[in-house]
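> here are the coordinates; sequence isn't available:
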């Protein structure tokens, strides 16, 4: 789930491209290749880089075009946004002037809206809902957002697959796929991107098999894809912390779904441990994934050219993402045993140690409680069986 960047501008203080005037700093010849945190701040976009990192940026209540301004200010080569309020079913139509301004700014700053922009769908939408009235409401909102994207010239749209809400899993997946087919038939070119989930409760999409089964039922497979969120992936039990485990997860993805469907990624560390099923985003390097996961990611060829979107906590300052973008770009070409990488990894790990310990303690206590409940249930069943005899 995107960070609190979507909160109303009235509650936040931000720097946008209109006010940020941080110049690109030219590195002196022979200067030491230092990690971004210790080097002078550089928030200009990195040209000709194949790993297109950006963030889910806010509009600050100034229209969708301001998302581009904010992306420019943090040096992003890709970006995500909401095309309407993510917590309302309906919103006023996009103004013609705002549509034109959005497209003009994208062209001016050389953002390919078909490839570099990844809107996030409303949290309210659940296309697997068995209740006909609620399903129709969700589908109407879904279609509205897709059509807004097409008005803006955007080629990708990412959303959460939803929840079964207790409905039979197969029936829920069929309802979701049917909704996607309906939406595709009523739109022109937008590609619908299913995001993998952390696995809490009845959520759909926490396994590669869920996503495979939905895609299998979509008629026009050229217009469906997958967004892999690193935090969700880890929370769902897929270990991506080393080169070996990272490669295995992608081998499984390719075998089960197919890499041809991979359309984007959300880059988030995880506050919670492996297999926690908890969607708790953390800043890069501070969580249980650690910087090594992202070093491996930033040197993975099949991720080149995809929008790689940060949804990390921004601490009420989008410059948090500017620093993380430069940190991630700095990792390109780096080896695990690079002294500066080792040093940076340790620094970031130390910063997040307290939160990791707290979350691990919570998970351990939860596991103990669950085990006691299980044992109690077994004892109860055994006593009942004995009394029946």
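Thanks, I have the structure now. All figures in this text were calculated on a predicted structure; none of them were measured in a lab.
> where does the stretch 51-200 of the chain have low pLDDT?
Along the stretch 51-200 of the chain, the model assigns pLDDT under 70 to no residue.
> so which residues of it form strands?
For the stretch 51-200 of the chain, the strands defined by DSSP state E, counting those that start in this stretch occupy 52-56, 78-80, 156-159, 191-195.
> nearest to residue 275, of those strands?
Nearest to residue 275, of all those, is strand 191-195, at 18.7 Å by C-beta to C-beta. For glycine as for every other residue, the C-beta is placed from the backbone atoms N, C-alpha and C.
> tell me which strands and helices the closest one is in contact with?
strand 156-159, helix 169-185, helix 208-216, strand 224-229, strand 262-267 (3 or more C-beta pairs under 8 Å, 6 or more residues apart in numbering; DSSP states H and E).
> compare those and report which one is nearest to residue 54.
Proximity to residue 54, assessed across these by C-beta to C-beta, is greatest for strand 262-267 (9.5 Å).
> got the angle between the closest one and strand 52-56?
60 degrees (axes from the mean of the first three to the mean of the last three C-alpha atoms, to 10 degrees).
> what residue lies at the spatial centre of this protein?
In the chain, the C-alpha nearest the mean C-alpha coordinate belongs to residue 266, at 2.9 Å (C-alpha atoms, centre = their mean).
> list the contacts for the nearest residue in space to that residue that is not next to it in sequence?
In this structure, residue 266 finds its nearest non-sequential neighbour in residue 229, 3.9 Å apart by C-beta to C-beta, 6 or more residues apart in numbering. Contacts for residue 229 (C-beta atoms under 8 Å, 6 or more residues apart in numbering) come out as 195-197, 265-266, 268, 311.
> roughly how far does residue 262 sit from residue 127?
21 Å (C-beta to C-beta, to the nearest Å).
> of these two, who's got more company?
The neighbour comparison of residue 262 against residue 127 (other C-beta atoms under 10 Å) goes to residue 127, with 25 against 19.
> number of residues surrounding the closest residue to residue 177 other than its chain neighbours?
Using C-beta to C-beta, 6+ apart and skipping the chain neighbours, the partner closest in space to residue 177 is residue 217 (3.5 Å). Other residues near residue 217 come to 14 when the count uses other C-beta under 10 Å.
> can you offset everything so residue one is 4?
Okay, residue one is now 4; in that scheme the one you just asked about reads as residue 220.
> thought residue 220 was touching residue 174?
No - counting by C-beta atoms under 8 Å, residue 174 is not a contact partner of residue 220; they are 11.8 Å apart.
> surely residue 237 meets residue 293?
No - look at residue 237 against residue 293 with C-beta under 8 Å: they stay out of range, at 10.4 Å.
> residues that sit against both of those two, list them.
In contact with both residue 237 and residue 293: residue 244, using C-beta under 8 Å, 6+ apart.
> more neighbours: those two, which one.
residue 237 (26 against 21).
> now the angle from the helix or strand containing residue 296 to strand 55-59?
Element membership for residue 296 (DSSP states H and E) is helix 293-300. Taking the same axes, to 10 degrees, one finds helix 293-300 and strand 55-59 inclined to each other by 130 degrees.
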